[in-house]
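What follows is a predicted protein model with its sequence.
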Amino acid sequence: MKKMMLIGLFGLLIASCGGGNSHSESTANPAESVTKETTENGNPAYDPNRGEGKFKDFKAAPTLDATQAENGNKVYNVKCSSCHKTNEEKLVGPGWKGVTGRHTADWILNFITNTDEMLNKDPKAQAQLEICLVRMPNQNLSDDDAKALYEFMRKNDGVK
Amino acid sequence: MRNTQLKTIAAICAGVVLSVVGCKPKNAGNAVSADAAAKTYVAPGKYDEFYNFVSGGFSGQMTAYGLPSGRLLRVIPVFSVDPEKGYGYSEETKPMLNTSHGFVPWDDLHHTELSQTNGEIDGRWIFGNANNTPRVARIDLKTFRTAEIIEIPNSAGNHSSPFITENTEYVVAGTRFSVPMDDANGDVPINTYKKNFKGSISFISVGKEGEMNLAFQIQTPGVNFDLSHSGKGPSSGWFFFSCYNTEQANTLLEVNASQKDKDFIMAVNWKKAEEYLKAGKGRKQSVKYAHNTYSDVTHSATSEIKTEVTVLDAKDLKDICYFIPCPKSPHGCDVDPSGQYIVGSGKLAALIPVFSFDKIQKAIAAKDFIGDYEGIPVIKYESALYGEVKKPGLGPLHTEFDGKGNAYTTFFVSSEVVKWNIKDLKVVDRAPTYYSVGHLTIPGGDTKKPNAKYLIAYNKITKDRYLPTGPELAQSAQLYDISGDKMQLILDFPTIGEPHYAQAVSADLIKNNSVKFFKIEENKNPYVAKGESETKVVREGNKVHIYMTCIRSHWSPDNIEGIKAGDEVYFHVTNLEQDWDVPHGFAIKGANTAELLVMPGETQTLKWVAEKPGIFPFYCTDFCSALHQEMSGYLRVSPAGSNVPLLFSTGKNLPAADAAEKK
């Protein structure tokens, strides 16, 4: 019986820390999000300009890497173009024109590689979700894909 | 504050559990002890400790449950179509169910066997048998999908299958119904069984990637092969098959196949058979059987009809098969973890014979035979026997092992599981089942290394165990904790179809290998569209190919015009998602097939015949986002011969604007 009670208590504890996640429609393994929420609690210094993810202090070159931008265009065609146009027009998600001016490189790279976590905690990502109402799918981009995409966004924003 | 609240809640919960236990009527239910709930409780969001792969019997499928919770995790379509998943309906999966008889949409899956390395479960694949139209399937445990199906020629009723050798060198298939061989004239009077009907045992080799190949068959006298198990350790290289109807009856088997006091267990020296095969002693026989494979790269299946098998004749090659007398129509044929003891379960017997591998070898060396049966030597019963378990119960069926010197045997007639000691053959415990138990499973219970925490009994009858559901009731599994000296019943759960044999394995061996999605970059389906820029509609005569994509939450294209009545329309749907657990389902009005359920990164095709002019909506069936209800489209069908141009688009076909053709 004691065991039963302990298990019951444990269950309640889990439920009480998982609450922040109630808007999640998909994917996240509940156990996983619990851990993530806990880390957040342990690290309150969230930088909304950087977002959350593996990218930090990413510096793009002053000029465009045309090959990378071309690679990015290919990734865009397969994984992004269904929902994002390259002009200002919103399709499912916002148009990409000017995106590199609206967000830092780190924020963009983190958002496209760590989508679910960013949607769960980042104020700007959440504000965008309120407009679009479709959670951006995690398209499982590799780091290289993400960087190439960023270069493509820069090209789209007029970087030569 | 919070602590007090929690304590109160916990106390209330405990009170409820206690009062429920306290109110239990004094019937079969009180065989459950009070801590059963704690033992089977797996908290929401937590994983079970074991996977339990259960045969679906006449559902033709296999199911995966979590243990100890008994939660149903997945129904894996194997031998029957599954409209929910589009299995057997999509153009890509149809070839999986092809046979020499054409497309067969149903079968009866009886036994499951996990692949092994060195006699231990390795978590790569699980095999299943088709009992009706003889086949063996291999399911890939990375995807929980049927990867391969091979048909068995010269066979009818593939029952003693798909048991494997200890390094998965072979998976076997023994005929339940003896029949004339496929290349003989089968148009013979049924009562010429003794003259014309033959049995066969197939050895299907399994390659490094799991690929199955019908290596050879052994032709045997006409009997009914029932179950089988590989030897291990010292008996490695041997396979044991139970058989009944050694009377060779062809009618009223209930009476006529139960005449003899003893039938046989057939010991097969497959290493010797391999030598004969190499030495060219086999006969090439012309047959016809299908071999179907599914590729996770092209996301489609191919079916090949093969035309030859090599057959070794057991009566000509004197030393590959031996019969061991076994009382009363033996059913289960189980080998203990040491490989030394072979347990035969005569389903009409009131004892369990245990044979010794060493004694069998000595008897063969000394030619200690009591004669032969159609040219196969019959070993003297006493010379092969290690001993008998006396009065264990009524109707023994199947035995599994705990690796601690105990065997557990199910008794159908007396509805119980009996635990007995292999060395002294004494019964040490018995537990009732509800009711009429067939198979049982202990994780690894037929391997060298059982992981004997639980035992699961699979019951044929449930009667009063669950809320009534009309004339047909679910069959059931019952979970016992066997970690102590006494078996303890801790859970009942209903099953899909009829559970026969099942296997269980520590989740650690499987869960980390699970594929989460298919990489879109690696998709080699000929009809893939990698991104919306590759979507198109192509007409080839009266065939129209629609290369379509989907992502949360729209189809591309979603407006299609220029289809004509009588056209065969192929919707090639590529799911562009690259995340776990985001399938999209595709359905179109009037489809007389099923839906498609397309996994992330995958392409699947639905064929749909445009029967008459009109507007036909299509939509996503698998709730995918807040705008899932918006995930839809229209297809316009015009009369045959009309000149409506072929148009397709997404988001452009607006009333005021041009219905611009997408180039």
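Received the coordinates, thanks.

can you list the domain ranges for chain A.
Chain A breaks down by automatic domain parsing into domains covering A:1-46, A:66-160.

Where among the ones you listed is average confidence lowest?
Mean pLDDT is lowest for domain A:1-46 among these, at a mean of 44.

contacting residues around residue B:191?
Residues counted as contacts of residue B:191 (CB atoms under 8 Å, 6 or more residues apart in numbering or on different chains) are B:250-251. No exception for glycine: its C-beta is placed from N, CA and C like everyone else's.

what's around residue B:484, how many residues?
Neighbour count for residue B:484, taken as other CB atoms under 10 Å in any protein chain shown: 8.

how about it, phi and psi?
Dihedral angles of residue B:484 (phi, psi; degrees, to the nearest 10) stand at phi -100, psi -170.

Show me the strands in chain A, by range?
Counting by DSSP state E, chain A forms no strands at all.

Please enumerate the helices of it.
With helices called from DSSP state H, chain A shows them at A:2-17, A:30-42, A:66-75, A:99-102, A:105-113, A:115-121, A:123-132, A:143-156.

Residue B:75 contacts residue B:54, correct?
No: assessed by CB atoms under 8 Å, residue B:75 is found out of contact with residue B:54, at 10.0 Å.

so where's the stretch 551-663 of chain B shaky on pLDDT?
Applying pLDDT under 70 to the stretch 551-663 of chain B flags the ranges B:656-663.

Can you name the residues of it sitting close to chain A?
The stretch 551-663 of chain B comes close to chain A at residues B:551-554, B:556, B:576-582, B:624-627, B:651, as judged by CB under 8 Å from any CB of the partner chain.

try 6 Å this time
By CB under 6 Å from any CB of the partner chain, the residues of the stretch 551-663 of chain B that approach chain A are B:551-553, B:576-581, B:625-627.

pretty sure residue B:527 contacts residue B:572?
Yes: judged on CB atoms under 6 Å, residue B:527 makes contact with residue B:572 at a distance of 3.5 Å.

list residues touching both of these two?
residue B:603 (CB atoms under 6 Å, 6 or more residues apart in numbering or on different chains).

thinking again about what came up before, who touches both of residue B:75 and residue B:54?
Joint contacts of residue B:75 and residue B:54 (CB under 6 Å, 6+ apart) are residue B:63.

Which residue of the two possesses the greater neighbour count?
residue B:54 (29 against 19).

Find the nearest non-adjacent residue to that one, please.
Among residues not flanking residue B:54 along the chain, residue B:502 sits closest, at 4.1 Å (CB to CB, 6 or more residues apart in numbering or on different chains).

do residue A:100 as well
residue A:157 (4.7 Å).

next one: phi and psi at that neighbour?
The phi/psi pair for residue A:157 (degrees, to the nearest 10) is phi -90, psi 10.

where does it sit relative to residue A:139, distance-wise?
As for residue A:157, its distance to residue A:139 is 21 Å (criterion: CB to CB, to the nearest Å).

right, and the helix or strand after the least confident helix or strand in chain B by mean pLDDT?
Every helix and strand of chain B was ranked by mean pLDDT, DSSP states H and E. The lowest is helix B:2-23, at a mean of 44. Per DSSP states H and E, the first helix or strand lying C-terminal to helix B:2-23 is helix B:36-40.

mind listing what's buried in that following helix?
Residues B:36-40 are the ones in helix B:36-40 that count as buried (16 or more other CB atoms under 10 Å in any protein chain shown).

restrict the residues you listed to contacts with chain A.
Answer for the buried residues of helix B:36-40 near chain A (CB under 6 Å from any CB): residue B:38.

Report how many residues lie close to the nearest residue to residue B:358 once chain neighbours are set aside.
Nearest non-adjacent residue to residue B:358, counting by CB to CB, 6+ apart: residue B:340, 6.8 Å away. Burial measure for residue B:340: 20 neighbouring residues, criterion other CB under 10 Å.

Quick one, grab the pLDDT at residue B:340.
What the model reports for residue B:340 is a pLDDT of 98.

thought it was touching residue B:357?
Yes: between residue B:340 and residue B:357 there is a contact under CB under 6 Å: 5.2 Å.

The residue nearest to residue B:54 contacts residue B:441, doesn't it?
Yes: the pair residue B:502 and residue B:441 passes the contact test of CB under 6 Å, sitting 4.6 Å apart.

before we move on, back to that, using neighbour counts, trim the residues of the stretch 551-663 of chain B next to chain A to the buried set.
For those, buried by 16+ other CB under 10 Å: B:551-553, B:576-580, B:625-626.

Could you identify the pair within those that is furthest apart?
Greatest spacing in those, by CB to CB: B:578 and B:626 (19.8 Å).

so which helix or strand takes in residue B:480?
Assessed by DSSP H and E, residue B:480 sits inside strand B:476-481.

same check, this time on residue B:388
Assigned by DSSP H and E, residue B:388 belongs to strand B:385-390.

Show the subsequent helix or strand relative to that strand.
Per DSSP H and E, the first helix or strand lying C-terminal to strand B:385-390 is strand B:396-401.

got the contact list for that next one?
Defining contact as CB under 6 Å, 6+ apart, one finds that strand B:396-401 is touched by B:331-332, B:334, B:336-337, B:343, B:345, B:347, B:352, B:407-412, B:439-440, B:442, B:445, B:450.

List the ones among these that fall in strands.
Assigned to strands by DSSP E, the following of those qualify: B:331-332, B:334, B:343, B:345, B:352, B:407-411, B:439-440.

Which positions in the helix or strand hosting residue B:637 come out as buried?
If you go by DSSP H and E, residue B:637 is part of strand B:632-638. By neighbour count on 16+ other CB under 10 Å, the buried set for strand B:632-638 is B:633, B:635-638.

Which elements pack onto it?
Under the contact definition 3 or more CB pairs under 6 Å, 6 or more residues apart in numbering or on different chains; DSSP states H and E, strand B:632-638 sits against strand B:559-564, strand B:614-620.

So which of the ones you listed is the most surrounded?
Stretch with highest mean neighbour count among these: strand B:559-564 (a mean of 21; mean count of other CB atoms under 10 Å in any protein chain shown).

who does it pair up with?
Neighbouring strands of strand B:559-564 in its sheet, by DSSP bridges, are strand B:632-638 (parallel), strand B:647-649 (antiparallel).

Would you mind writing the CA trace of stretch B:156-167 as PDB?
Extracted C-alpha coordinates of stretch B:156-167, given in PDB (Å, rounded to 0.1, in the frame of the first residue of the first chain):
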ATOM      1  CA  ALA B 156      -1.000 -26.400 -45.800                       C
ATOM      2  CA  GLY B 157      -1.700 -25.000 -42.400                       C
ATOM      3  CA  ASN B 158       1.600 -23.500 -41.400                       C
ATOM      4  CA  HIS B 159       1.300 -24.200 -37.600                       C
ATOM      5  CA  SER B 160       4.700 -25.300 -36.200                       C
ATOM      6  CA  SER B 161       6.200 -22.000 -37.200                       C
ATOM      7  CA  PRO B 162       8.000 -19.500 -37.000                       C
ATOM      8  CA  PHE B 163      10.400 -20.900 -34.400                       C
ATOM      9  CA  ILE B 164      14.100 -20.100 -34.900                       C
ATOM     10  CA  THR B 165      17.600 -21.500 -34.300                       C
ATOM     11  CA  GLU B 166      19.700 -19.900 -31.600                       C
ATOM     12  CA  ASN B 167      21.500 -17.600 -33.900                       C
END
